[in-house]
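Engineer: Fold the stuff below for me.
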Amino acid sequence: MSFDDLLKELQGQKTVEEDPNHVSLDKLFNESFMSKHSSFKSFAEFLEKGNFQAQTHEEINNLHGELFDRHVNRETGFDSWQAMLDAAKKAYEGK
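Structural biologist: Below you'll find the predicted structure:
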């Protein structure tokens, strides 16, 4: 956030909407989303089931690959990680 944006926000002139590309994974893959698309209540449970560890978008991007896509396909209604991520962003934006 730039200094001007921060100043406007502090002055009440601007409402900040979170960019879905920078929203925490817990917010993006909330309990409602995970319950709807998998048998897990949290994204952490989903990762744990596949023996994956990640807490940030950067760490998730490092996981992206065939093994992670297969885990997504096996444990959710999505064919790939990208499809799951796109659906989560769309759901988040539609709140």
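
Engineer: which intervals of the protein have sub-threshold pLDDT?
Structural biologist: Scanning the chain for pLDDT under 70 picks out 1-22, 64, 95.

Engineer: Start from the N-terminal end of this structure and give the helices.
Structural biologist: With DSSP state H as the criterion, the chain has helices at 3-10, 25-28, 31-37, 43-49, 57-63, 66-75, 81-93.

Engineer: For those helices, give me CSV that also has mean neighbour count.
Structural biologist: Every residue, glycine included, has its C-beta placed from N, CA and C. Listed next are the helices of the chain as CSV, based on neighbours: other C-beta atoms under 10 Å:
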stretch, mean neighbour count
helix 3-10, 11
helix 25-28, 16
helix 31-37, 14
helix 43-49, 17
helix 57-63, 13
helix 66-75, 15
helix 81-93, 17
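
Engineer: residues touching the closest residue to residue 67 other than its chain neighbours, list them.
Structural biologist: The shortest distance from residue 67 to any non-neighbouring residue, by C-beta to C-beta, 6 or more residues apart in numbering, is to residue 50 (7.9 Å). Residue 50 sits next to 67-68, 71, 75 when contact means C-beta atoms under 8 Å, 6 or more residues apart in numbering.

Engineer: contacting residues for the residue nearest to residue 44 when sequence neighbours are not counted?
Structural biologist: What sits nearest to residue 44 in space, not counting adjacent residues and going by C-beta to C-beta, 6+ apart, is residue 26, at 7.8 Å. Contact partners of residue 26, counting by C-beta under 8 Å, 6+ apart, are 42-44.

Engineer: could you measure the residue nearest to residue 41 when sequence neighbours are not counted against residue 59, distance?
Structural biologist: What sits nearest to residue 41 in space, not counting adjacent residues and going by C-beta to C-beta, 6+ apart, is residue 31, at 5.3 Å. Going from residue 31 to residue 59 by C-beta to C-beta, to the nearest Å gives 21 Å.

Engineer: for residue 39, same thing?
Structural biologist: Distance, residue 39 to residue 59, using C-beta to C-beta: 23 Å.

Engineer: distance of the residue nearest to residue 67 from residue 75?
Structural biologist: Distance, residue 50 to residue 75, by C-beta to C-beta: 7 Å.
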